[in-house]
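1. one predicted model, sequence on top.
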There are 2 protein chains.
Amino acid sequence: MIRIATAECFTHGRIGLEIHAISRGYYMNISHTLNFEPSRLSLTASLFIPTLSGVKSILGFEPLEPDDLLDGIKVYNDEKDKIMAVKMAEAVRSITGADIGIGSTAGIGKGAIAVADERTVLTGSSGVYADLRTSGADIIMKRQESGIEEAFVLLEKILIENYS
Amino acid sequence: MIRIATAECFTHGRIGLEIHAISRGYYMNISHTLNFEPSRLSLTASLFIPTLSGVKSILGFEPLEPDDLLDGIKVYNDEKDKIMAVKMAEAVRSITGADIGIGSTAGIGKGAIAVADERTVLTGSSGVYADLRTSGADIIMKRQESGIEEAFVLLEKILIENYS
């Protein structure tokens, strides 16, 4: 069993939920068909952590200084989002002892997704630009959908490379 | 700002997501209309933790002995679910420093939801009997929906009593 844990922001815990669903044979809302046997996967936990205080208290590391704050919700640019996504992926993997950790965060820009295991760290971004401070809910949701799809592309890559 | 954190099992992190959504003015999927000003709420984190190892590593307490295990996913009866939901609510509140903690878990039976703050612990159950080991996805989903609604009934009660 390949154990996966996620620490998510703009994807709202939905990457973890999808992994849980496909591993249990429930349903699947993503369009990307995972080219890997889903019953080999197990979701340890899926953490939706939008706040700085949640990152500190649950993931146990000091987050980068955000470019802006919305009622405690962190807002970064793409460069910082990439660093934070990797830190989140590595922290949740380390805390839970999972094989693979996934992190996601998006503020101003296309956001970042990181998939990390013992050997490999992959990062990517959504295909949709948005600004958490000013964009409408429809654009924010499109960025989320795109980020979830990208997470499965990266996850598939690491699964095939390191667990086939 | 009233800070809320959730540690969820059968409700899949959706109680926390709904709280985040209404507090940010996004959307709302539940039918229960919260009789409380939503902009006073803030979601610190929403943790979906289906596994025993996740409870131990993230919430930091030793879970009750489960009645059954499905690939590491804990299965309790209603009595144990109630105890576990309270423990989960109190643990996530303590770890995050939130004002209110919410826990949920359901194995064999109607499951349990707990809403806890410094002064009060409220518990309830969904209105739907299901068995995680044998029930179809439709019944499992109905139990989940019902559990989310019940969480908002309990949350509203504690908000009106202690934060009005």
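-> Here it is on my side, so go on.

2. show me where chain A has its strands.
-> With DSSP state E as the criterion, chain A has strands at A:2-8, A:41-48, A:68-70, A:73-75, A:100-105, A:108-109, A:112-116, A:121-124, A:130-131.

3. by contact count, what packs against the fourth one?
-> Looking back up the chat, that one is strand A:73-75. Contacts defined by 3 or more CB pairs under 8 Å, 6 or more residues apart in numbering or on different chains; DSSP states H and E place strand A:73-75 against no helix or strand at all. Just so you know, the C-beta spots here come from the backbone N, C-alpha and C atoms, and that holds for glycine as well.

4. still on that earlier bit, closest one to B:G107 among the strands of chain A?
-> strand A:41-48 (16.8 Å; CB to CB).

5. show me what from chain A comes close to chain B.
-> The interface of chain A toward chain B, taken as CB under 8 Å from any CB of the partner chain, is made up of A:1, A:3, A:5, A:12-13, A:16-17, A:20, A:23, A:26-27, A:42-51, A:53-54, A:57-58, A:71-72, A:95-97, A:137.

6. if we go to 6 Å?
-> A:12-13, A:17, A:26, A:42, A:44-49, A:51, A:53-54, A:57-58, A:71-72, A:95-96, A:137 (CB under 6 Å from any CB of the partner chain).

7. which strands or helices does the longest helix anywhere in chain A pack on?
-> Counting residues, the longest helix found in chain A (DSSP state H) is helix A:137-163. Applying 3 or more CB pairs under 6 Å, 6 or more residues apart in numbering or on different chains; DSSP states H and E, one finds that helix A:137-163 contacts helix A:14-24, strand A:112-116, strand A:121-124, strand A:130-131.

8. columns mean pLDDT on top of these, output as a markdown table?
-> Formatted as a markdown table, the helices and strands packed on helix A:137-163 follow (pLDDT from 0 to 100):
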| stretch | mean pLDDT |
| --- | --- |
| helix A:14-24 | 93 |
| strand A:112-116 | 98 |
| strand A:121-124 | 98 |
| strand A:130-131 | 96 |
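
9. tell me the most buried of the ones you listed?
-> Sort the helices and strands packed on helix A:137-163 by mean neighbour count, taking mean count of other CB atoms under 10 Å in any protein chain shown, and strand A:112-116 sits at the top with a mean of 30.

10. tell me the strands beside it, with direction?
-> strand A:100-105 (antiparallel), strand A:121-124 (antiparallel) (DSSP bridges).

11. so it versus helix A:137-163, what angle?
-> Put simply, strand A:112-116 runs at 20 degrees to helix A:137-163, going by axes from the mean of the first three to the mean of the last three CA atoms, to 10 degrees.

12. tell me which residues touch A:G127, please.
-> A:S146 (CB atoms under 6 Å, 6 or more residues apart in numbering or on different chains).

13. so for it, what's the pLDDT?
-> pLDDT recorded at A:G127 is 98.

14. just read off the phi/psi values of it.
-> phi -100, psi 10 (degrees, to the nearest 10).

15. so how far is chain B from it?
-> Here the criterion is CB to the nearest CB, to the nearest Å. By it, A:G127 lies 21 Å from chain B.

16. name the nearest residue to A:V115, ignoring sequence neighbours.
-> A:L154 (4.2 Å; CB to CB, 6 or more residues apart in numbering or on different chains).

17. report pLDDT for that neighbour.
-> pLDDT, A:L154: 98.

18. number of residues surrounding it?
-> Neighbours of A:L154 under the rule other CB atoms under 10 Å in any protein chain shown: 19.

19. swap in A:I2?
-> 17.

20. isn't it right next to A:D99, touching?
-> Yes - between A:I2 and A:D99 a contact is recorded at 5.1 Å, counting by CB atoms under 6 Å.

21. from chain B, how far out is A:E18?
-> For A:E18 relative to chain B (CB to the nearest CB), the value is 11 Å.

22. quick one: contacts for the closest residue to that residue other than its chain neighbours?
-> Distances taken as CB to CB, 6+ apart place A:I30 nearest to A:E18, at 5.5 Å, with adjacent residues excluded. Residues near A:I30 by CB under 6 Å, 6+ apart: A:18, A:148-149, A:152.

23. if we can go back for a sec, for B:V121, which of the helices and strands packed on helix A:137-163 is the nearest?
-> helix A:14-24 (27.4 Å).

24. I am finished for the moment; much appreciated.
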